[in-house]
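Dropping a prediction and its sequence here:
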Amino acid sequence: MGAFAASIFVGIWTVWIYRATHDMPFGEGEGEDGHLQHHSCRMMIKWAAWMGLFVAELWFGLYWILTQALRGTLFIALPSRIGSSLIR
């Protein structure tokens with residue numbers, strides 16, 4: 001794995017670690033009377049955007065890791081007897 005691929009791998013893992021260790025930066029808060037406030041339309045849009053980005057990051061990370069794993073040689077090329085006999 002080259003330096004570029006390693007840096008992408010580290011970047012993906014840091015995003016995943018951040019997402020796993022931090023909650024959404026918004027949520028139901030307590031109002032002045034101590035009761036929980038209801039979700040507003042703006043809160044639902046923020047939640048949908050946060051979840052959409054999370055799924056996109058997860059999908060990209062898994063896709064990238066799988067494509068890197070499959071980039072290696074999947075078969076061993078053996079010399080052909082026919083080709084070597086014609087070169088004499």
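Ah, there it is. The model shown is predicted, which means the values in this text are computed figures rather than measured ones.

Check Leu86 and give its pLDDT.
pLDDT, the model's per-residue confidence, is 55 for Leu86.

And Gly2, by the same measure?
Confidence for Gly2, expressed as pLDDT, is 78.

distance of it from Ala48?
Plainly put, Gly2 is 37 Å away from Ala48 if you go by Cβ to Cβ, to the nearest Å. For every residue, glycine as well, the C-beta is placed using N, CA and C.

ok, the two, which is more surrounded?
Ala48 (10 against 7; other Cβ atoms under 10 Å).

name the element the more buried one belongs to?
Using DSSP states H and E, Ala48 sits within helix 41-69.

And Gly11, by the same measure?
Applying DSSP H and E, one finds Gly11 within helix 3-21.

Next, the buried residues of that helix.
Going by neighbour count (16 or more other Cβ atoms under 10 Å), the buried part of helix 3-21 is Ile8, Ile12, Val15.

returning to that earlier point: buried stuff in the helix holding Ala48?
Of the residues in helix 41-69, those with enough neighbours to count as buried (16+ other Cβ under 10 Å) are Met43, Lys46, Gly61.
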